[in-house]
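>>> make a model of this:
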Amino acid sequence: MRFWRGEDLLASGVLAAVLILAAAMDLRTQRIPNWLTGSALMAGFLIHTWASGLEGIKFSAAGGAAGFGLFALFFLAGWMGGGDVKLMAAVGSLKGVWFVLHAAFYAGLVGGALALSVMIWKGTLWRNLRNMAVSAYTTLHPRRKRVPLGDVSQERIPFGLAISLGGLWALLVV
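Prediction:
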């Protein structure tokens, strides 16, 4: 899709504001409100429809579906909250499929660094690594008694912060 320069600049500005708000709210309350993600999703549709008509609708729909689809499985597995999934859908609606793939990659890097930092801070890193190694080993070797991954600590990571930082990182480099 060919952008009018102002369209992309406006979508980037809205996205930056939404990501900063989402990060602050996720850190403070561990929730990303529906009014924020819903407004951002609609803003993506409005900006791109206004500038590009039907092509803009397709662009925002594909981006929103990609953002939602990337993280929906994590939500269904219980590894992520619904606000995180809706935030990625909003990112896709504003910036499209290609951008959401980059933002998700960077969010994964930031989220991994956050998780590692939390485990180091709480002193659970070596226990978690050992438990994951034992579980992986017993899962891959059928003759061994399988050891479940139940003893891995369950620290909560504010992944909305990781999505926000990953999205801002993507805005700088994509």
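>>> leaving out sequence neighbours, find the closest residue to residue 14.
Leaving aside its sequence neighbours, residue 14 sits nearest to residue 43 (C-beta to C-beta, 6 or more residues apart in numbering; 5.1 Å). (Each C-beta comes from the backbone N, C-alpha and C, glycine too.)
>>> how much space between the one you found and residue 105?
23 Å (C-beta to C-beta, to the nearest Å).
>>> does residue 71 lie in a helix or a strand, and which?
Take DSSP states H and E as the rule and residue 71 turns out to sit in helix 54-76.
>>> err, residue 126, not the other one
Applying DSSP H and E, one finds residue 126 within helix 125-140.
>>> relative to the whole chain's centre, how far out is that helix?
Counting by C-alpha atoms, centre = their mean, to the nearest Å, helix 125-140 is centred 26 Å from the centre of its parent chain.
>>> report the buried residues of it.
Neighbour-count burial for helix 125-140, counted by 16 or more other C-beta atoms under 10 Å, picks out 125, 128, 131, 135, 138.
>>> what's the next secondary structure element after the helix or strand of the chain with the lowest mean pLDDT?
The least trusted helix or strand in the chain, going by mean pLDDT, DSSP states H and E, turns out to be helix 125-140, with a mean of 78. Next along the chain after helix 125-140, taking DSSP H and E as the criterion, comes helix 159-173.
>>> which strands and helices lie in contact with that following helix?
Other elements packing on helix 159-173 under the criterion 3 or more C-beta pairs under 8 Å, 6 or more residues apart in numbering; DSSP states H and E are helix 5-29, helix 82-95, helix 97-122.
>>> quick revisit: between residue 43 and residue 105, which one's more packed in?
Taking neighbours as other C-beta atoms under 10 Å, residue 43 and residue 105 compare with residue 43 leading, 20 against 14.
>>> can I assume the more buried one is in contact with residue 64?
No: applying C-beta atoms under 8 Å, one finds residue 43 not in contact with residue 64, separated by 11.4 Å.
>>> so what sits against both of those two?
The contact sets of residue 43 and residue 64 overlap at residue 93 (C-beta atoms under 8 Å, 6 or more residues apart in numbering).
>>> sketch out the low-pLDDT regions of this structure for me.
The model of the chain has pLDDT under 70 over residues 1-5, 144-155.
>>> quick one: furthest residue from the center of it?
residue 143 (38.0 Å; C-alpha atoms, centre = their mean).
>>> which residues touch residue 125?
116, 119.
>>> gap between it and residue 113?
Distance from residue 125 to residue 113, by C-beta to C-beta: 13 Å.
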